[in-house]
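Student: Curious how this folds, go ahead:
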Amino acid sequence: VFFFLYTAFAAKKIKNTSAAKKLARKEVKGATVTEVDKEYEKGVLVYEVTMEKGQKEYKLTYRASDSKLIAYEWEIESWYIKKGKGKLIGTSKCKKLAKKQVSGGTVKSVARKRSDGIDVYKVKMQKGSKNYELTFHARTGKLLEYEWELKDKGSKSKYISEKKAKQIALE
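Tutor: Below you'll find the model as predicted:
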């Protein structure tokens, strides 16, 4: 039984870039992987997979220890976005659009900005264990960027202090 449990747990780890690519391709079917980075974020080994499909670029971040998708984002490539004409859609309309995208989410902030010569609304939201950031075209209301990541539950580091390490070494 122990061997079986160990094997099942070990199978969930991401051991190389090929495994990360495979997971990402399952998440975004039909996309082309353009880059895979293996790095440490807040002391945790992660794989960040960048992909393209149609007009969108995707970035998926997986925790290596358990293959958990911890961040997901996509954005429409800037050269596909038109400036748009007419009035701004307004923050209340933007909030409604955001709530349609993240059903049951709570809007934390809405800010109008300029990005690549285009007026946009950046909306920050929360729902469950995720923080969201959505970017809408301020004139057309089109969703241009979508991102979520797991909330940071504080840095409960598994590392000990230098003082504690010296104490252990001396003992």
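
Student: I figured Lys87 hits Gly141, correct?
Tutor: No - applying C-beta atoms under 8 Å, one finds Lys87 not in contact with Gly141, separated by 11.2 Å. Where you see a C-beta, it was placed from the backbone N, CA and C, and this is true even at glycine.

Student: In terms of packing, which of these two has more residues around it?
Tutor: Higher neighbour count among Lys87 and Gly141: Gly141, with 16 against 7, using other C-beta atoms under 10 Å.

Student: Quick check: closest non-adjacent residue to the more buried one.
Tutor: Closest residue in space to Gly141, ignoring its immediate chain neighbours: Ile89 at 4.9 Å, by C-beta to C-beta, 6 or more residues apart in numbering.

Student: repeat for Thr91
Tutor: Using C-beta to C-beta, 6+ apart, the closest residue to Thr91 is Val110 (4.8 Å).

Student: Please name the residues that touch that neighbour.
Tutor: Shown in contact with Val110 (C-beta atoms under 8 Å, 6 or more residues apart in numbering): 91, 94-95, 98, 121-124.

Student: which of these count as buried?
Tutor: Among these, those classed as buried by 16 or more other C-beta atoms under 10 Å are 94-95, 98, 121-124.

Student: quick one: which of the residues you listed is nearest Leu23?
Tutor: Proximity of the buried ones among the contacts of Val110 to Leu23 (C-beta to C-beta) peaks at Lys124, which lies at 27.1 Å.

Student: where does that closest one fall, phi/psi-wise?
Tutor: Main-chain torsions, Lys124, degrees, to the nearest 10: phi -110, psi 130.

Student: swap in Leu45?
Tutor: Phi and psi for Leu45, reported as degrees, to the nearest 10, are phi -70, psi 130.

Student: ok, now how distant is it from Lys12?
Tutor: Separation of Leu45 from Lys12 (C-beta to C-beta, to the nearest Å): 14 Å.

Student: Neighbour count for the two, which is higher?
Tutor: Leu45 (14 against 10).

Student: which residue sits closest to that one in space, ignoring its chain neighbours?
Tutor: Ala64 (4.1 Å).

Student: ok, the closest residue to Leu69 other than its chain neighbours - contacts?
Tutor: The spatially closest residue to Leu69, leaving aside those adjacent along the chain, is Tyr62, at 5.7 Å (C-beta to C-beta, 6+ apart). The neighbours of Tyr62, taking C-beta under 8 Å, 6+ apart as the test, are 14, 20, 23-24, 46-49, 68-70.
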